[in-house]
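Undergrad: Below are the sequence and a predicted model; questions follow.
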Amino acid sequence: MRVTIFTLPCQPDHGFDTTALDDFCRDHDVLACRDHFFISERGPTLGLVVEFRDRPKSHDWGRSAPTPDRREEIAPENRPLFDALRNWRSERAKREGKPHYVYFRNPELSEIAVKRPLTAAALREIAGVGEAKVASYGEEILALVRQMSQAAVEPAGQPPAPADPGRKAP
C-alpha cells in the first residue's frame, strides 16, 4: 500500500484548489481517502491522506474517448451478474445521491462478474477494489455474487420427470 498526503488550502470565493489532486488521480488508482479539516496559519485547510497504487502507463487518460461497453467484453454467462452489479450500483447511487463511479467502476464490476469472488480477501484482489470498498460495500457485493452464482446452477423451472407407468404408487 502506498500513501501520499495533500493539503488543500481554502481560497476565498474559490473553495479548495484540487488541481494537484486531479493531476495525481490521472496516473494513480485511489484505493481509499481520509479527509481532515483544520485551521492553519493560512486559514481553513483540507488535508487528504490518499492510499493509492500506480495505474498502468498504457492508458492515455488525458484524451476523452468513449467508455467501452464492458458488457460486450465479457462472456454471456457472466453478463447477468455484471448487469445485477450495475443495477445495485445504480440503485445505491440514486439512494445516496452520489455519482455511480464512487462505488465501483465498470472495469471493477466486469472483473467481479468474471472472477466471482466469494470472500472479502478474494474481492480485494480485484484491481481497483481496496480495503475501503470492501469495508463499505463488500458484504452486499459478495451476497449478490453468491445469489447470482447459485441462481446460475439451479435448474430453471424444469417439470418433474414423468412417473414410470409400470411402477405402483406408494
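TA: In hand now; what should we look at? Every value quoted in this text rests on a predicted model; they were computed, and no experiment measured them. Numbers count the residues shown, from 1 in each chain.
Undergrad: Show the residue spans covered by the helices in this structure.
TA: Under the criterion DSSP state H, the chain carries helices at the ranges 19-27, 70-73, 79-96, 106-115, 120-124, 131-153.
Undergrad: relative to helix 79-96, how tilted is the longest one?
TA: Regarding helix 131-153 and helix 79-96, their directions subtend 140 degrees when assessed with axes from the mean of the first three to the mean of the last three Cα atoms, to 10 degrees.
Undergrad: Helix 131-153: which residues count as buried?
TA: Using 16 or more other Cβ atoms under 10 Å as the test for burial, helix 131-153 gives 133-134, 137-138, 141-142, 144-145, 148. Every residue, glycine included, has its C-beta placed from N, CA and C.
Undergrad: If we only consider those residues, which is nearest to residue 116?
TA: Proximity to residue 116 was ranked across the buried residues of helix 131-153 by Cβ to Cβ; first place goes to residue 145, at 5.4 Å.
Undergrad: Contact partners for the closest residue to the closest one other than its chain neighbours?
TA: Leaving out its chain neighbours, the residue that sits closest to residue 145 by Cβ to Cβ, 6 or more residues apart in numbering is residue 116, at 5.4 Å. When the contact criterion is Cβ atoms under 8 Å, 6 or more residues apart in numbering, the partners of residue 116 are 81, 145, 149.
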